[in-house]
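**Q** Prediction below, plus the sequence it came from.
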Amino acid sequence: MLPLPDGLRLPAAKVLVTTENFASGVLPPVACYFATAFLVLLPRTQLARIALWPITAILAFRAATSLDMCMGQPKLDFLNIDLQLSMFCIAARTFEWTVQTKPFIRGAQRSSTDVPKRNFMLDTLDLACNLRGCGWDWSQGLYVPPETHSTSSRLTFATSALVSGLKHSFLCGAIHSAVQSFSPLTFGSVDGGTIFDDSLPPHLRYLRSSTIATLCAFGIYSVLQAAYELTVVLCVLLFRQHPDQCPPAFDSPWRATSLREFWSRRWHQWFRRLFIFLGGNPLSLLFGRVGGVIGVFLASGFFHHLALLAIDPSSEMWRMLLPFGMMGAGVVIERAVAGNKTGGWMGWIWTMCWLVLWGNMMVDGWARAGMLGGSSILDGATPVRQPIERLVRTFDKYLHAY
């Protein structure tokens, strides 16, 4: 058997990232990713994509398992999560593009002329970066939230997005500080620990864990919203994208009155296509619509398990598969009981109760892996952190006083 070239050999252990090994480890799978994105826009290129995909997958796996992005600082382990999930997306998306038999078509874009001209380079860039598929023929059924920023001009839109991004960055930091303050030495640190306090009676134990889980949900929303809106500012001002090409990522998730509405409309849809391809489509072939729904959420659970593996290789898969799978079960139960009529205040209560119930288990899985102990935007802002920490400690002491 011929030996693998050095560039394709799998690493024996992770090494601290440097400019040199980042360029040699990360840039090759990214180049293959863009090459496949270009090829899938052209007819009669499937054989070339089939030949390229194994190389792309090996390079992506090699990058994900060879580099330590935190540079010896455990609080920066979220960078390892970003790398691992990015490489997984590269391997998974290029696999979908490889099995695609017809070229992808992008809808007509705004043009200064009456006849829009197709630019394959711009289409390649958009396909590679556009996870939701806004404007593409493969995103049928995608819900796009209504715009919340003024679109009267690029500058007005970008300014509004920048203010919102900075606001959500601060909110994320504040929530992160609050969560860590509940238990600075266990799940509030990189060592990790459970959010369930056995010293409390059950009703107070789950009140405390549910408070932590709810804070984490808003923290995740805030950090994703901040990252997206700050990216939008760059896309609009630097790359001259029209505001219509950057629709909102979220649609007030806390207002959802059904699980279906929460997951398919109000929460972000960045990985919708990926989870349908990896989980929904295969299980729908075996078990019909119910299998498709459960498959999507199991794929999401596996995706989140990969995130935990980046910081704690001993993480147990069931801690993500079970709560995400139960989200799918909740959607199925909801449709079987109420059809499409779930809504109103009763629908809101049902939705929030189910989310918090299984959200406890999700967040506990993250907490045990040490994910909640990472760095925050407010780490150096002691005057801001102190009142937050004082408030949380007062609440926690109140619970333990009973």
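**A** Perfect, I can see it now.

**Q** following the lengthiest helix in the chain, which helix or strand comes up?
**A** Secondary structure assigned by DSSP state H gives helix 202-237 as the longest helix of the chain. Heading C-terminal from helix 202-237, the first helix or strand you meet, by DSSP states H and E, is helix 259-261.

**Q** Give me the residues contacting that following helix.
**A** Contacts to helix 259-261, defined as Cβ atoms under 8 Å, 6 or more residues apart in numbering, come from residues 327, 330-331, 334-335, 342, 350-351, 354-355. Where C-beta positions appear, they are placed from N, C-alpha and C, glycine not excepted.

**Q** and if we set it to 6 Å?
**A** With contact meaning Cβ atoms under 6 Å, 6 or more residues apart in numbering, helix 259-261 is reached by 330-331, 334, 351.

**Q** now swap in stretch 13-29 and tell me
**A** Stretch 13-29 is contacted from outside by 56, 59-60, 63, 66-69, 71, 90, using Cβ under 6 Å, 6+ apart.

**Q** avg pLDDT for that stretch?
**A** The average pLDDT within stretch 13-29 is 93.

**Q** quick one: the helices in the stretch 301-402 of the chain?
**A** In the stretch 301-402 of the chain, helices defined by DSSP state H, counting those that start in this stretch lie at 318-338, 344-369, 382-400, listed in chain order.

**Q** In JSON lines: those, plus mean neighbour count, distance to residue 202 and mean pLDDT.
**A** As requested, the helices of the stretch 301-402 of the chain are arranged in JSON lines below (neighbours: other Cβ atoms under 10 Å; distance: least, Cβ to Cβ, whole Å; pLDDT from 0 to 100):
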{"stretch": "helix 318-338", "mean neighbour count": "19", "distance to residue 202": "19", "mean pLDDT": "96"}
{"stretch": "helix 344-369", "mean neighbour count": "19", "distance to residue 202": "12", "mean pLDDT": "97"}
{"stretch": "helix 382-400", "mean neighbour count": "13", "distance to residue 202": "12", "mean pLDDT": "89"}
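
**Q** Now render those as TSV, adding distance to residue 203.
**A** As requested, the helices of the stretch 301-402 of the chain are exported to TSV (distance: least, Cβ to Cβ, whole Å):
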stretch	distance to residue 203
helix 318-338	21
helix 344-369	14
helix 382-400	10
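
**Q** Quote the end-to-end distance of stretch 141-152.
**A** Using Cα to Cα, to the nearest Å, the end-to-end distance of stretch 141-152 comes to 28 Å.
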